[in-house]
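> Attaching a predicted model along with its sequence, questions to come.
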Amino acid sequence: MLPTLIFGGTILFGRTLAKRNAKFSETKELSASSGDDAVCSLPTPAQTLKLVETRRSIFTKQYTGRSVNREIVKEMLDAARYAPNHHITEPWRFIIFESPESKQNVALLLAEMYKKKSRSQGSFKQAKYDKKIKSASKASHIVAICVKTDTKSMLMEEVCATAMAVQNMHLVATAYHVGAYWSSGGVSESTLPPGFQNAPEMAEFLSQSSPHFDGNTTVCLGWFFIGDCGDATWPAGRRRPIEEKISWA
């Protein structure tokens with residue numbers, strides 16, 4: 001069973017994405033023809049490490065504006081449910097904004113929340129406000145990343161499990177050369193004291209967008225932007241050597 005999904009809107013295809021969609025269909029047909037009892041062929045350690053090392057945060061300014069095949073997005077979401085989680089609580093909840101109207105509503109929410117907080121601090125910039133509005137039009141899908149807070153596991157465990165679920169989604173996106181990144185917009189800009197609660201306007205917006213979001217027992221941790229990258233060059237990674245951050249006991 002897939003995580004909670006809310007879809008709507010129309011999908012358009014570009015030439016590059018159409019090729020990727022065809023590859024996706026071929027892969028699914030090959031998988032189906034192999035049968036449920038087929039021996040699972042795991043990727044090599046080198047292939048697995050290469051995928052992990054290749055994952056990047058790809059931002060909306062790098063998107064073509066074309067839509068990503070919904071089946072690819074669903075496969076990303078399906079991968080999320082294989083994240084480790086204590087007591088098998090599966091605390092992640094995802095609300096997918098796909099239609100132009102729904103994405104624009106997300107953009108307006110985030111832009112207005114930014115305006116509210118920045119004006120109270122005297123740091124409002126119209127260019128940043130406009131950028132938040134424009135970003136939504138470039139994204140194919142925007143996913144609200146939410147976590148249930150009323151499970152039998154500790155909240156810290158549930159937040160970590162949800163983050164690992166998003167990492168699974170991101171790895172599948174990378175495998176399809178689909179851009180994605182996790183934004184904390186609206187979450188970091190809440191005018192409430194730090195803690196696991198959303199600003200009233202965000203909680204109300206998500207409650208109206210999905211019957212599965214309960215502002216009392218569900219918290220939004222951020223937004224996962226997804227977009228087509230066309231033939232754009234994948235950016236190189238920038239990481240410090242792991243030796244600087246580990247010790248052996």
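Perfect, I can see it now.
> Count the neighbours of T64 for me.
T64 has 17 neighbouring residues, counting by other C-beta atoms under 10 Å. Every residue, glycine included, has its C-beta placed from N, CA and C.
> And it, what's its pLDDT?
Note for T64: predicted pLDDT of 95.
> and it, what helix or strand is that in?
For T64, there is no helix or strand it lies in under DSSP states H and E.
> Verify the contact between it and V178 for me.
No - checked against C-beta atoms under 8 Å, the pair T64 and V178 is beyond contact range at 11.1 Å.
> hey, what's in contact with both of the two?
The contact sets of T64 and V178 overlap at 227-229 (C-beta atoms under 8 Å, 6 or more residues apart in numbering).
> quick one: contacts for the residue positioned nearest the centre of the chain?
Taking C-alpha atoms, centre = their mean, the centroid of the chain lies closest to F224, which sits 2.7 Å from it. By C-beta under 8 Å, 6+ apart, F224 lies in contact with 142-143, 145, 166, 169-170, 180-183.
> Go through the residues you listed and say which is closest to V68.
Using C-beta to C-beta, A180 comes nearest to V68 of these, at 9.3 Å.
> now the closest one, what's its secondary structure?
strand (DSSP: H, G, I helix; E, B strand; the rest coil).
> circling back: can you tell me which of the contacts of F224 has the most neighbours?
Among those, the one with the most neighbours (other C-beta under 10 Å) is A180, at 30 neighbours.
> Just confirm A144 is within a strand.
Yes - applying three-state DSSP, one finds A144 inside a strand.
> Please report the distance of it from S118.
22 Å (C-beta to C-beta, to the nearest Å).
> Bridged to the residue nearest to the centre of the chain, which residues?
Beta-bridge pairing for F224 (DSSP bridges): V143, W182.
> neighbouring contacts of stretch 233-242?
By C-beta under 8 Å, 6+ apart, the list of residues contacting stretch 233-242 from outside reads 53-54, 56, 58, 177.
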